[in-house]
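A.B. asks: Sequence plus predicted model, see below.
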Amino acid sequence: MLPFLAGLSIGFLFFLVSRKRSGARRKALFERISIQPEAQFFSYEAQIASAIANQSTTVSDLQAEVDEGNRVLQRSPLGYLKVDQENRLLWCNAKAKQLLGIEQTDDYTSPKLLLAIARSYELDQLVEQTRTTQVECQKEWTFRSISPDPANVSERPAYPLRGHGIPLAQGNVGVFLENRQQEVLLAQQRDRWTSDVAHELKTPLTSIRLVGETLRNRIDPALVTWADRLLREVNRLSALVDDMLSLNHLEQQQPQRLEETDLVKLLYQAWQSLEPQAKLQDKTLDYQGPERAIASVNSGLVYRMMLNLLDNALKYSPGGQAIHAHVQWSEVGTTPGLLLDVFDCGDGFLEKDLPHVFERFYRSDTSRTRSGDPAISNGTGLGLSIVQKIVESHQGKVQAKNHPDTGGAWLQVWLPTSLVGAEPNYSSPR
């Protein structure tokens, strides 16, 4: 009898322990699922059934939102595709298929490698860059579609694309694709039109200037001021035409005849060209940096870039102030380069102007024209556009902002360099 009671006690003890564990698990389950207040007085089975019904409704609502989002993306005028952490295509809309020449069905149950479906290494690089940096990235390239079927290699049209990469959860990446063909055609038509107009204006402006200079020496002295005004306006229009032709020339070809050039020496040469004008207003150049900075560049174009930067600072800096130019070595990623800072002591750019200062003919209405200086009002509005094109033609970068110390306009130019000889000497400028 005693063994029977002992076995019964042990079995009852195991039952209590099991029931306690079951209750704990059930309590944890109730904490994880949503129980409606009115269902809390029902049995456990009824509460679980209610929770399952609520979860099913929530899942259905979420699935409906996902389907609605996919329908919107499917009809979007922009291409969209999504890839996983292994660069396999998870989904794409009809526009992306059209832009990338994707010929597969809508079955994504067995994702395939993106590069095997869309032969675009630039797109693959954009996806990898977005995933690595975990920030939104943008890339522009010319897409040349190649059929994945080697037995059916056909020539397909090439067109410019712009891709916007967006980092997603779990290493996935979403990419929006935009066809820039229309934008490029409009830009080409604009450039062709401005180039034709500039060429047509060059000859008559030269004739008008010659006539004005001849008349100036033959008219009554009281009318000379009018002749001078005419010549100033003709010279301004001639400068505008020259800038338009220069800008068009820069956009059509890359810089030729790259040569190892001392950029510090080039900076001083550009300042010497502007020094007579600077002395009239008691303005000086404050240079800080190495005595020599050797880079492989097109010296003529970089001289024009520095001339425009210094001239821009000279126009907007108050009299008696210095124009600051700093040079230092810097790296973008792993690429060595040279960073040139040029800033003045003027009123600086308006915040609303900063995104547009490199646009053609863009002129601020107030801040940068507050002095009423004729030198300022006679600008062509193309100086910084030319700077940007020269920098881009050297695979460099340029940005505009206001200097934190002087408050004046601050232009930063970074150029990749080919260093020669020893490390630069920072002891004292020339």
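C.D. replies: That came through, no problem. Numbering: from 1, shown residues only.

A.B. asks: Now name the helix or strand holding the most centrally placed residue in the chain.
C.D. replies: Closest residue to the average C-alpha location of the chain: Q138 at 7.1 Å, with Cα atoms, centre = their mean. Using DSSP states H and E, Q138 falls within strand 137-144.

A.B. asks: List the buried residues in stretch 331-339.
C.D. replies: Buried positions in stretch 331-339, judged by neighbour count with 16 or more other Cβ atoms under 10 Å: 337-339. In short, each C-beta sits where N, CA and C put it, glycine included.

A.B. asks: Same check on stretch 281-296?
C.D. replies: 283, 285, 287, 289-290, 292-295.

A.B. asks: so how far does that stretch reach from one end to the other?
C.D. replies: 35 Å (Cα to Cα, to the nearest Å).

A.B. asks: So which residues of the stretch 251-400 of the chain form helices?
C.D. replies: 263-280, 299-316, 374-377, 383-393 (DSSP state H, counting those that start in this stretch).

A.B. asks: Where do the strands of the stretch 301-430 of the chain begin and end?
C.D. replies: Along the stretch 301-430 of the chain, counting by DSSP state E, counting those that start in this stretch, strands occupy 322-332, 335-343, 397-402, 409-416.

A.B. asks: Out of those strands, flag the one nearest T132.
C.D. replies: Proximity to T132, assessed across those by Cβ to Cβ, is greatest for strand 322-332 (15.9 Å).

A.B. asks: returning to what we had before: need the strands of the stretch 301-430 of the chain in CSV with mean pLDDT and distance to L215, can you?
C.D. replies: Shown next, in CSV, are the strands of the stretch 301-430 of the chain (pLDDT from 0 to 100; distance: least, Cβ to Cβ, whole Å):
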stretch, mean pLDDT, distance to L215
strand 322-332, 88, 38
strand 335-343, 88, 40
strand 397-402, 92, 42
strand 409-416, 91, 39
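
A.B. asks: Can you check which of these gets nearest to L301?
C.D. replies: Nearest to L301 among the strands of the stretch 301-430 of the chain is strand 409-416 (10.8 Å), distances taken as Cβ to Cβ.

A.B. asks: So which residues make contact with that closest one?
C.D. replies: 263, 295, 297, 302, 305, 309, 312-313, 316, 330, 332, 335-344, 346, 348-349, 368, 384, 387, 391, 394-403 (Cβ atoms under 8 Å, 6 or more residues apart in numbering).

A.B. asks: in which helix or strand would I find Q125?
C.D. replies: Here Q125 sits within helix 121-133, counting by DSSP H and E.

A.B. asks: Ends of stretch 70-85, what's the gap?
C.D. replies: End-to-end distance for stretch 70-85, by Cα to Cα: 21 Å.

A.B. asks: list the buried ones in the helix or strand G163 falls within?
C.D. replies: Using DSSP H and E, G163 maps to strand 158-167. Across strand 158-167, burial judged by 16+ other Cβ under 10 Å covers 160-161, 163-165, 167.

A.B. asks: how about the residues you listed in TSV, adding pLDDT?
C.D. replies: Formatted as TSV, the buried residues of strand 158-167 follow (pLDDT from 0 to 100):
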residue	pLDDT
P160	90
L161	91
G163	93
H164	93
G165	93
P167	93
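
A.B. asks: Low-confidence regions, the stretch 201-350 of the chain specifically.
C.D. replies: Counting by pLDDT under 70, the stretch 201-350 of the chain shows low-confidence ranges at 252-256, 333.

A.B. asks: same thing but at 50, please
C.D. replies: Of all residues in the stretch 201-350 of the chain, none has pLDDT under 50.

A.B. asks: And the pLDDT for A49?
C.D. replies: If you check A49, the pLDDT there is 69.

A.B. asks: Start from the N-terminal end of the stretch 151-300 of the chain and give the strands.
C.D. replies: 158-167, 173-179, 259-262, 284-288, 294-297.

A.B. asks: what's the closest of the ones you listed to L73?
C.D. replies: Across those, closest to L73 is strand 173-179 (Cβ to Cβ), at 9.5 Å.

A.B. asks: tell me the mean pLDDT over that closest one?
C.D. replies: 92.

A.B. asks: what's the answer for stretch 192-199, then?
C.D. replies: The pLDDT scores in stretch 192-199 average 80.

A.B. asks: out of the contacts of strand 409-416, which are buried?
C.D. replies: Buried by 16+ other Cβ under 10 Å: 263, 295, 297, 302, 305, 309, 312-313, 316, 337-344, 346, 348-349, 368, 384, 387, 391, 394, 396-398, 400, 402-403, out of these.
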